[in-house]
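Asks: quick one: sequence plus predicted model below, questions after.
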Protein chains: 2
Amino acid sequence: MDVNKIALILERECRLERDQPILVGVSGGPDSLCLLSLLARLPFPLLVAHFDHQLRAESAADSAYVAQEAKRLGLPFLAGSQDVARFAQSEHFSIEEAARVLRYRFLFAQAKEHGAQAVAVGHTADDQVETVLMHLLRGAGLAGLRGMEYRSVIAEWDAHIPLIRPLLSAWRKEIVEYCAEQHLSPLVDASNQDPAFLRNRLRHALIPYLESYNPQIRSALWRMSDVLAGDEAVVRQAAAEEWSACLISQAEGSLALDLARLRSISPGLLRAVLRKAIITLLPGLRDVDYAAIERARSFILQPRAGQLDLVQDLCAFAERENLVIQRRGYSRPDPSWPQVEAGPDLPLAIPGSIELPAGWRLSAHWVSADNFSGFSDPNELSPWEAWIDADQLPGEVCLRPMRQGDRFQPLGMQGHSIKLSDFWINAKLSRRARAAWPLVVSAGQIIWIPGFRLAHAQRLQKNTRKALHLQLFRVG
Amino acid sequence: MDVNKIALILERECRLERDQPILVGVSGGPDSLCLLSLLARLPFPLLVAHFDHQLRAESAADSAYVAQEAKRLGLPFLAGSQDVARFAQSEHFSIEEAARVLRYRFLFAQAKEHGAQAVAVGHTADDQVETVLMHLLRGAGLAGLRGMEYRSVIAEWDAHIPLIRPLLSAWRKEIVEYCAEQHLSPLVDASNQDPAFLRNRLRHALIPYLESYNPQIRSALWRMSDVLAGDEAVVRQAAAEEWSACLISQAEGSLALDLARLRSISPGLLRAVLRKAIITLLPGLRDVDYAAIERARSFILQPRAGQLDLVQDLCAFAERENLVIQRRGYSRPDPSWPQVEAGPDLPLAIPGSIELPAGWRLSAHWVSADNFSGFSDPNELSPWEAWIDADQLPGEVCLRPMRQGDRFQPLGMQGHSIKLSDFWINAKLSRRARAAWPLVVSAGQIIWIPGFRLAHAQRLQKNTRKALHLQLFRVG
């Protein structure tokens, strides 16, 4: 183990800033003790963090041991502890998965709290080979075969603080030698021998078996993963460029891709674009099913009527020149609906108008009493038109979609208002259309729901001197 | 086995032309018999070819069996036979390698002779999985892990006729079932059980062992190779574009790449460009050594004086803003040499001049006898200047490099010419400089070798009335 090599990896591969603190996750085993020892010889402020999984009787003693190591090095020590077994049971996770989730949650929360630039963990070249084999056994693509990275930002843990693995090219054998040279006494974790864990079976059975075919299999697989990591980045870059070129439109649960362009690109790029489409719509998804991608590829070459099932509740269909991929429940906004985007209230200039999506327009102007006498009942008008008593406006007139807690007193309802949600139930408007339906408000009060009803307080009355005339209509 | 699926693969993946003949390589085993039977149900003219490797006592009988099958189907039969074991010994090949070389030589020679559009062979999905595992065991990159292709043009066999593998997605199990259904009686090749062959050990030991980790490992690896094939094409395309952007100059044994650009690209692209550089200079190379690429990457990040060893006799060094990669024996043309590019003769306008690389120029003009009387011996002139008797020019005056069979009669040599190669030996000019040395010729005769000697026949004589005055010199 060469401390200069680690310094180079921290600079080039982990891309760390000098003098900024690193939080080191230390289990007390050889890998993390070696990592801690090497980092302590370099000019970075360090924080030592240990997470007690409460899976073994001696785990509290392990924590105390790591605390003592930190003290020996004069470093701050951060301890976390949680009942992993119970968490696994309640969340239906495997023990390995539950341990991973709780440990990283703890490490990243501590890193954030203490302003660390990175969380460092002790994954080794042997871990890398085991990881690659695990992916290989399930038939993963490049993103799996490339294995772990020296530096990765994992949104699940933190959007900015990277996880770094400075020992990723160091073999366990070198680490054990280093520990002996440095008189470090690593803890022994008996669970590393437990064949119940796939990783242990790979380490103790599969890899030795593969060595009978190639005695250098470990370094061969390590090199393979290193080269594939570079290839994966090339494909990712090409796919990102192609994605921008293919994407026609994107909404929360739906997106449209350019069918002609999808047909013209190579199978590799097409698969990458389709994977990205699916992950965009199902961000929690870990692996994108090969068969789903192949179904989509065939469909793109020869689109047919109807919907194609993809993954979970995602489906795809051809619509004019587009391939639309969306969640099954989703139906896209109908251009026949007036809709207003979420955001601050849109103030309405009077006289003036506001343009809404899909060619809708709200226009407003003042009309004096001379010009509207003769109307006896405003409800005889089109529901897309409203006459409002200007003197009953409590404030500026604005347009906005519905908000939590909105109430409404429809014309004709005496004395009290109702919840807007109750009004909608009777209005028979689809739930999706409601969400962005334009409401005309004044000082927070709904004064008109275009297409439906005027508010009682703002109705024209006998003594109205001036009216606000509103109309919502589609242009062209 | 579905004949429509095979038809689709032939069209989409193998990209065959309808009605053009296919040569089918048939060993007589289940895979090739199944392939032949399926192809015979489609509208392609077929040629059946069998190669006898002479490795087993029954091999001649096998050939007769395949001939009989061809006859049964009413198809032409082409037989080849060679002593593979002897060839392996004389060429220092493994038996597998020797068998492969002789078999494909035979198949492609026959395909070419009979105008076949493709050579079809019976590789199956199981063969694909075995191939991928073989590459994996030696730690190959994408180009190995993607396995075999439905269609590939292999320059080693033929620059135009593709090798196609229509059964690449068919499992051996399906093929055996098909043979039974169709009452085909495949030959049994005992060597498929011989554990001396790595492929057999994979088939009978490694794959069953991996199935204890994932019972679906075969299809998982097949899918992996299929996806990686697409990714490999994406990387190859990106690398080809990057190659054009990086390449400064390229000659037979040397090339120069833009160092600043190499430094700016991603590790994956950089590796791909370096691999391409090495393969360009060493076209026979199968695998490019990982360590050599990594040495080159480090060198590019921090160039130092001196040469870096790459692979075989290739070395690299930094020269101004370039990374030069070349064979160790190679020295690039010296700009102090006049050189002329290969190609058609360059006619010389008189008066006029021809520009040569590196600032060299050949100028020519006519001089009448009045102006040159006084020269007694043209050899007193600079060797870069020549006075030629215009009446002794047999035709148009041109410039060109030496050609096979060139002869020359140097000034002073009476009665006979000598081989140009013999002249060069005495001239003490380096072999590399000779190849592109500019020769002034007229009607195929060398009349002047600039820097060396005038031809005897074209010397100025007492009765010369008009001379051609030539000068070769560097401008600037």
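Replies: Done, it's in. Values in this document were obtained by computation on a predicted structure and should not be read as measured data.

Asks: count of neighbours near residue A:61?
Replies: Using other Cβ atoms under 10 Å in any protein chain shown, residue A:61 is surrounded by 12 other residues. Every residue, glycine included, has its C-beta placed from N, CA and C.

Asks: quick one: is stretch A:131-144 near chain B?
Replies: Yes: interface with chain B: stretch A:131-144 contributes A:136-142 (Cβ under 8 Å from any Cβ of the partner chain).

Asks: okay, buried residues for that stretch please.
Replies: Residues of stretch A:131-144 classed as buried: A:131-137, A:139-144 (neighbour count, 16 or more other Cβ atoms under 10 Å in any protein chain shown).

Asks: among those, which are located in helices?
Replies: Cross-referencing the buried residues of stretch A:131-144 against helices under DSSP state H gives A:131-137, A:142-144.

Asks: any idea which of those is least confident?
Replies: Least confident of those in the model: residue A:143, at 88.

Asks: so for whatever residue of the stretch 51-200 of chain A ends up closest to chain B, what's the pLDDT?
Replies: Minimum separation of the stretch 51-200 of chain A from chain B (Cβ to the nearest Cβ) falls at residue A:139, amounting to 2.7 Å. With respect to pLDDT, residue A:139 has a value of 85.

Asks: contacting residues around it?
Replies: A:290, B:214, B:216-217, B:219-224 (Cβ atoms under 8 Å, 6 or more residues apart in numbering or on different chains).

Asks: try 10 Å this time
Replies: A:145, A:287, A:290, B:214, B:216-227 (Cβ atoms under 10 Å, 6 or more residues apart in numbering or on different chains).

Asks: then residue A:297?
Replies: Counted by Cβ under 10 Å, 6+ apart, residue A:297 has contacts A:262-263, A:267, A:270-271, A:274, B:230.

Asks: restricted to helices, list these.
Replies: A:262-263, A:267, A:270-271, A:274, B:230.

Asks: that older thread, going through the contacts of residue A:297, which ones are buried?
Replies: A:262, A:267, A:270-271, A:274, B:230.

Asks: Throw those residues into CSV and include distance to residue B:449, thanks.
Replies: Shown next, in CSV, are the buried ones among the contacts of residue A:297 (distance: Cβ to Cβ, whole Å):
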residue, distance to residue B:449
A:262, 63
A:267, 58
A:270, 60
A:271, 61
A:274, 66
B:230, 57
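
Asks: now those residues as JSON lines including pLDDT and distance to residue B:279?
Replies: Below are the buried ones among the contacts of residue A:297 laid out as JSON lines (pLDDT from 0 to 100; distance: Cβ to Cβ, whole Å):
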{"residue": "A:262", "pLDDT": "95", "distance to residue B:279": "32"}
{"residue": "A:267", "pLDDT": "92", "distance to residue B:279": "24"}
{"residue": "A:270", "pLDDT": "96", "distance to residue B:279": "28"}
{"residue": "A:271", "pLDDT": "95", "distance to residue B:279": "27"}
{"residue": "A:274", "pLDDT": "95", "distance to residue B:279": "32"}
{"residue": "B:230", "pLDDT": "94", "distance to residue B:279": "22"}
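
Asks: show me what from the stretch 51-200 of chain A comes close to chain B.
Replies: A:132-146, A:198 (Cβ under 10 Å from any Cβ of the partner chain).

Asks: quick check: the farthest pair among these?
Replies: The span of those, defined through Cβ to Cβ, is set by A:142 and A:198 at 21.3 Å.

Asks: who's in contact with residue A:27?
Replies: For residue A:27, the contacting residues are A:33, A:50-53, A:62-63, A:66, A:103, A:121-122, A:186-187, A:189, by Cβ under 10 Å, 6+ apart.

Asks: for residue A:320, same thing?
Replies: Listed by Cβ under 10 Å, 6+ apart, the contact set of residue A:320 reads A:256, A:259.

Asks: just for chain A, where's the confidence low?
Replies: Within chain A, the segments meeting pLDDT under 70 span A:329-335, A:372-381, A:428, A:430-432, A:476.

Asks: Provide a list of residues in contact with the closest residue to chain B within the stretch 301-450 of chain A.
Replies: Residue nearest to chain B within the stretch 301-450 of chain A: residue A:301 (8.2 Å; Cβ to the nearest Cβ). By Cβ under 10 Å, 6+ apart, the contact list for residue A:301 reads A:262-263, A:270, B:12.

Asks: which pair of the residues you listed spans the longest distance?
Replies: For these, and using Cβ to Cβ, no pair is farther apart than A:262 and B:12, which are 15.8 Å apart.

Asks: on that earlier part again, just the contacts of residue A:297 now: which is nearest residue A:19?
Replies: For these, the nearest to residue A:19 is residue A:271 (43.6 Å; Cβ to Cβ).

Asks: quickly note the distance from the closest one to residue A:295.
Replies: Applying Cβ to Cβ, to the nearest Å, the value for residue A:271 to residue A:295 is 12 Å.

Asks: again, but for residue A:231
Replies: 26 Å.

Asks: more neighbours: these two, which one.
Replies: residue A:231 (29 against 17).

Asks: who are the neighbours in contact with that one?
Replies: Contacts of residue A:231 by Cβ under 10 Å, 6+ apart are A:142, A:145-146, B:141-143, B:145, B:228, B:231-232, B:234-235, B:238-239, B:266-269, B:271-272.

Asks: just residue A:204 next, same as before
Replies: Applying Cβ under 10 Å, 6+ apart, we find residue A:204 in contact with A:192-193, A:195.

Asks: over to residue A:390?
Replies: Counting by Cβ under 10 Å, 6+ apart, residue A:390 makes contact with A:350, A:366-369, A:397, A:458, A:460, A:464-469.

Asks: show me where the stretch 251-400 of chain A has strands.
Replies: In the stretch 251-400 of chain A, the strands defined using DSSP state E, counting those that start in this stretch lie at A:254-258, A:308-309, A:314-319, A:322-327, A:346-347, A:352-355, A:360-368, A:385-389, A:397-400.

Asks: mind putting these into JSON lines with mean neighbour count and distance to chain B?
Replies: Listed next are the strands of the stretch 251-400 of chain A as JSON lines, based on neighbours: other Cβ atoms under 10 Å in any protein chain shown; distance: least, Cβ to the nearest Cβ, whole Å:
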{"stretch": "strand A:254-258", "mean neighbour count": "19", "distance to chain B": "17"}
{"stretch": "strand A:308-309", "mean neighbour count": "16", "distance to chain B": "18"}
{"stretch": "strand A:314-319", "mean neighbour count": "18", "distance to chain B": "19"}
{"stretch": "strand A:322-327", "mean neighbour count": "21", "distance to chain B": "18"}
{"stretch": "strand A:346-347", "mean neighbour count": "14", "distance to chain B": "45"}
{"stretch": "strand A:352-355", "mean neighbour count": "14", "distance to chain B": "43"}
{"stretch": "strand A:360-368", "mean neighbour count": "16", "distance to chain B": "43"}
{"stretch": "strand A:385-389", "mean neighbour count": "22", "distance to chain B": "57"}
{"stretch": "strand A:397-400", "mean neighbour count": "21", "distance to chain B": "46"}
